[in-house]
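Would you be able to build a 3D model of this:
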Amino acid sequence: MHAARKPYLARMLQRAALATTLSLLISLGLAGCVAAGAKIARTQVPTGGPSLVVLGIAQDGGVPQAGSFGDPRWDDPSRTREVASLGIVDPRSGKRWMIDATPDFRRQSLELYRASGGAAKPVVDGIFLTHAHMGHYTGLMFLGHESIGAKSVPVYAMARMGEFLRANGPWSQLVKYDNITIMPLVAGEPVRLADDLTVTAIVVPHRQEFSEVVAFKIAGPTRTALWLPDIDSWREWDAQGTRLEDMLATVDIAYLDGTFFANGEIPGRDMSGFPHPFMSHTIERLAALPASERAKVRFIHLNHTNPALAAGTAARNTIDAAGMRVADEGEIEPLFNRVAP
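Here you go, the predicted structure:
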């Protein structure tokens, strides 16, 4: 062999060995992330009917929040949480929808795609918006020409919410460029996604600086769910003529506002006037209900300070003892009765 080629071959062998080593390390690293609960891939929804996929459970700012530079959760993917969002998948039609477009839209649209097992385009067949607070609509920006450049994605919005999008940039540009098509929502009137699948807006009392605030009831062939990420208080809902207990009786699953666990969670601040019901208040209010009713409750929209984010804490143990639980990101709930094999 020509002597001049020996150093070259030696370098190539070294590079090949390094590549193999790096590949092994990456593989082991990813395996460790999966074992630690990192969000790599989710289970696909069952065939045969529509299902729900929980895409995020955090309050608008996510977990951890921006500016919390010392939060150890930054370096532990198993402890991060994405902003509250719910996916609806119907394998029969190959379609999928989102409730709320969050700042975590990129990852959540990927997770919804993976769970659906459907086509890559359109990225989503429709988006239902609860209201105009940061964590619930700003993900729409990824549908614009700087990113996906989507075509006529239906965005279901109440009257004020729709007008807010039409009249204010940069959202108005999404309308102008036909990235989105605003579809009117009317409280109490179901939107039919299939013959046996509907989504119905329910007005709830919450800060309405820019739009109405709604929850959604999703009704499938045999099962129904409530998605309610924000509300000022159950007492104010009572005053509007809707009792939480009565709503629970009409659904099989209730994803409820669990922003804060209890007063004192944020040091040095009186939280009694915060516009969210404490988890502890919800637990106390529903304590007299049968276990089957309490088991429907799954808390979402948890603030980064909420101790119930972590398993094994006193807060989480209190929720578990009450027969309720915190929703899991990636959990799938069929809205139909599955036939056993």
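
For the most centrally placed residue in the chain, name its beta-bridge partners.
For the chain, the residue nearest the mean C-alpha position is residue 85 (2.0 Å; Cα atoms, centre = their mean). Beta bridges link residue 85 to residue 56 when assigned by DSSP bridges.

Report the contact partners of it.
Residues near residue 85 by Cβ atoms under 8 Å, 6 or more residues apart in numbering: 55-56, 98-102, 104, 108. Quick note: C-beta positions are derived from backbone N, CA and C, even for glycine.

how does it look with 6 Å?
55-56, 100, 102, 108 (Cβ atoms under 6 Å, 6 or more residues apart in numbering).

which regions of the stretch 201-341 of the chain sit below the pLDDT cut-off?
270, 272, 339-341 (pLDDT under 70).

typed the wrong thing, it's the stretch 1-150 of the chain
Low-confidence segments of the stretch 1-150 of the chain (pLDDT under 70): 1-42.

Strands of that one, residue ranges please.
Here the stretch 1-150 of the chain has its strands, by DSSP state E, counting those that start in this stretch, at 51-56, 85-90, 95-99, 127-128.

still on that earlier bit, for residue 127, see how far away the residue nearest to the centre of the chain is.
Distance, residue 85 to residue 127, by Cβ to Cβ, to the nearest Å: 10 Å.

now do residue 263
In terms of Cβ to Cβ, residue 263 sits 34 Å off from residue 127.

For these two, indicate the residue with more neighbours.
Shown here are residue 263 and residue 127; by other Cβ atoms under 10 Å, residue 127 has more neighbours (24 against 15).

Do I have it right that the more buried one meets residue 157?
No - distance between residue 127 and residue 157: 8.9 Å, which falls outside the contact criterion (Cβ atoms under 6 Å).

so where does residue 192 fall, helix or strand?
Taking DSSP states H and E as the criterion, residue 192 maps to strand 191-194.

for whichever helix or strand comes after that strand, packing partners?
On the C-terminal side of strand 191-194, the closest following helix or strand by DSSP H and E is strand 197-203. With contacts defined as 3 or more Cβ pairs under 6 Å, 6 or more residues apart in numbering; DSSP states H and E, strand 197-203 has these neighbours: strand 214-219.

Can you check what angle separates the strand it packs on from strand 197-203?
Going by axes from the mean of the first three to the mean of the last three Cα atoms, to 10 degrees, strand 214-219 is angled at 150 degrees with respect to strand 197-203.

Name the strands paired with strand 214-219 and say parallel or antiparallel.
Strand 214-219 has these strand partners (DSSP bridges): strand 197-203 (antiparallel), strand 224-228 (antiparallel).

CA atoms only for the first one, dumped as PDB, please.
Once non-C-alpha atoms are left out, strand 197-203 reads as follows in PDB (Å, rounded to 0.1, in the frame of the first residue of the first chain):
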ATOM      1  CA  LEU A 197     -68.900  13.200  17.500                       C
ATOM      2  CA  THR A 198     -69.700  16.800  18.600                       C
ATOM      3  CA  VAL A 199     -68.000  19.700  20.400                       C
ATOM      4  CA  THR A 200     -70.100  22.200  22.300                       C
ATOM      5  CA  ALA A 201     -68.900  25.500  23.900                       C
ATOM      6  CA  ILE A 202     -70.100  26.300  27.400                       C
ATOM      7  CA  VAL A 203     -69.600  29.800  28.800                       C
END
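
circling back: adding neighbour count as columns, could you present the contacts of residue 85 in CSV?
CSV is the format used below for the contacts of residue 85 (neighbours: other Cβ atoms under 10 Å):
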residue, neighbour count
55, 28
56, 29
100, 28
102, 26
108, 26
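
now, which of those sits nearest residue 193?
Residue 193 lies nearest to residue 100 out of the contacts of residue 85, by Cβ to Cβ, at 16.2 Å.

Distance-wise, check the closest one relative to residue 332.
18 Å.

go on, residue 269?
Distance, residue 269 to residue 332, by Cβ to Cβ: 37 Å.

Which of the two has more residues huddled nearby?
Using other Cβ under 10 Å, the more surrounded residue of residue 269 and residue 332 is residue 332, with 17 against 11.
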